[in-house]
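Colleague: Any chance you can model this:
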Amino acid sequence: MRKIVNFYLDASIHVAFAVFALVQVTGLNLGFEADPNYSWALFFGTIVSYNFIKYATEAEKYIYVRGSYVRAIQVFSFLCFAAGLWFFFKIDQMPYGWFIAVLLLVLLYSVPLRSFQTNLRNFKGIKIYLVALAWTLCTVVLPWSIAKEGEIVLMLTESVQRFMMVVILTIPFEIRDLQKDDPRLATLPQQFGLKGAKKIGLMLLLIFLSMTFVKQGFEGSEMSLRVEGVVAVVMAILLLGSKKNQVPYYESLLVESVPLFWWLLLLLFDL
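Modeller: Numbering: from 1, shown residues only. Okay, here's the model as predicted:
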């Protein structure tokens, strides 16, 4: 069972489900049905991109990887790439401008820039915001652009809220990696310490909640207010409970389950 769970996490399947869930949350919050072809294309694309960032950038010429376990993940990623392409080409009216922007962001995040001999994630202090921007574009802007439904003000509010959520949920990972991260990355815990990073997370959580009340003024539902209040409480608990020497699976399983929890709550309240 441990081997199965480890592969599920190491092969980025869990984070892909989190991204998939956030697309459904966007559809429910903005009043449209998320395109299933886009949802599954993003699911498989997330597996490919995260595994590329985690493993291929350390491999020789981004292809050859050592170790049978990592090679198994690589083969799995190739299969996911094929599945992702299948769903991608079935998407109607894909906003290619936004798609290319996200693709470039992922590539520049992982592949070194020739003039700098480094990638964007290694630039001082911006890694967490690049991750939040990519998730926001993929889980809010792109599905909204495909559906062409929902008020633009609601979409922008949802985007701000989603950006804050991803930054908040990334802080526990930065706390976990505090001892092994290069000091030049200037992560939030490196700049402000554990307590300072958690205080920033709590302040961002207030912005997250304020966006809920803003949405209430633009045809937002009472259900959304209750659900996002519960989600905010869960995020606060996970943020405050994070530490350098954390129990196994705390961040990779529990923290990354928040989007799935959010989607499940919306489904339950909608029954």
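Colleague: CA only for contacts and neighbour counts going forward, please
Modeller: OK.
Colleague: what's the distance between residue 42 and residue 228?
Modeller: Look at residue 42 and residue 228: by C-alpha to C-alpha, to the nearest Å, they are 24 Å apart.
Colleague: So which of the two has more stuff around it?
Modeller: residue 42 (24 against 18; other C-alpha atoms under 10 Å).
Colleague: Can you pull the poorly scored residue ranges out of this structure?
Modeller: For the chain, applying pLDDT under 70 flags the ranges 56-66, 107-125, 217-222, 271.
Colleague: ok, 80 please
Modeller: Scanning the chain for pLDDT under 80 picks out 55-68, 93-99, 101-127, 150, 179, 181-186, 215-225, 270-271.
Colleague: Next, the contact list for the most centrally placed residue in it, please.
Modeller: Geometric centre of the chain, nearest residue: residue 135, 4.6 Å, by C-alpha atoms, centre = their mean. The contact partners of residue 135, by C-alpha atoms under 8 Å, 6 or more residues apart in numbering, come to 19, 162-163, 166.
Colleague: Which ones among those map onto helices?
Modeller: The members of these that map onto helices under DSSP state H are 19, 162-163, 166.
Colleague: Among the residues you listed, which pair sits farthest apart?
Modeller: Using C-alpha to C-alpha, the two most remote members of those are 19 and 163, lying 12.9 Å apart.
Colleague: which SS class is residue 181?
Modeller: Here residue 181 takes the coil state, with states given by DSSP: H, G, I helix; E, B strand; the rest coil.
Colleague: follow-up on the earlier one: for ChimeraX, what selects the buried ones among the contacts of residue 135?
Modeller: Restricted to buried positions by 16 or more other C-alpha atoms under 10 Å, the ChimeraX selection for the contacts of residue 135 reads:
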select :19,162,163,166
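Colleague: Can you redo the contacts of residue 135 as a markdown table, where the extra columns are distance to residue 200?
Modeller: Listed next are the contacts of residue 135 as a markdown table, based on distance: C-alpha to C-alpha, whole Å:
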| residue | distance to residue 200 |
| --- | --- |
| 19 | 24 |
| 162 | 16 |
| 163 | 14 |
| 166 | 13 |
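Colleague: name the helices or strands packed onto the top helix by length along the chain?
Modeller: For the chain, the longest helix by residue count, based on DSSP H, is helix 188-216. Contact analysis of helix 188-216 by 3 or more C-alpha pairs under 8 Å, 6 or more residues apart in numbering; DSSP states H and E lists helix 152-176, helix 222-241 as its packing neighbours.
Colleague: what sits up against the shortest one?
Modeller: In this case it means helix 222-241. 29, 168-169, 171-172, 198, 201-202, 205, 208-209, 212-213, 216, 255, 258, 261-262, 265-266, 269-270.
Colleague: ok now stretch 203-216, how far from the chain's centre?
Modeller: Taking C-alpha atoms, centre = their mean, to the nearest Å, one finds stretch 203-216 lying 19 Å from the centre of the chain it belongs to.
Colleague: okay, now the spatially closest residue to residue 246 that is not a sequence neighbour: neighbour count?
Modeller: Once flanking residues are discounted, residue 246 sits nearest to residue 176: 6.9 Å by C-alpha to C-alpha, 6 or more residues apart in numbering. If you count neighbours by other C-alpha under 10 Å, residue 176 ends up with 18.
Colleague: Report the contact partners of residue 176.
Modeller: Neighbouring residues of residue 176 by C-alpha under 8 Å, 6+ apart: 242-246.
Colleague: Angles on the backbone of residue 178, please.
Modeller: When read as degrees, to the nearest 10, the backbone of residue 178 gives phi -60, psi -40.
Colleague: Test my guess that it contacts residue 246.
Modeller: No. Using C-alpha atoms under 8 Å, residue 178 is not in contact with residue 246; the gap is 11.6 Å.
Colleague: higher neighbour count, those two?
Modeller: It is residue 178, of residue 178 and residue 246, that has more neighbours when counted by other C-alpha under 10 Å, with 20 against 13.
Colleague: Show the contacting residues for that one.
Modeller: Taking C-alpha under 8 Å, 6+ apart, one finds 189-190, 244 in contact with residue 178.
Colleague: For it, give its distance to residue 186.
Modeller: Residue 178 sits 10 Å away from residue 186, taking C-alpha to C-alpha as the criterion.
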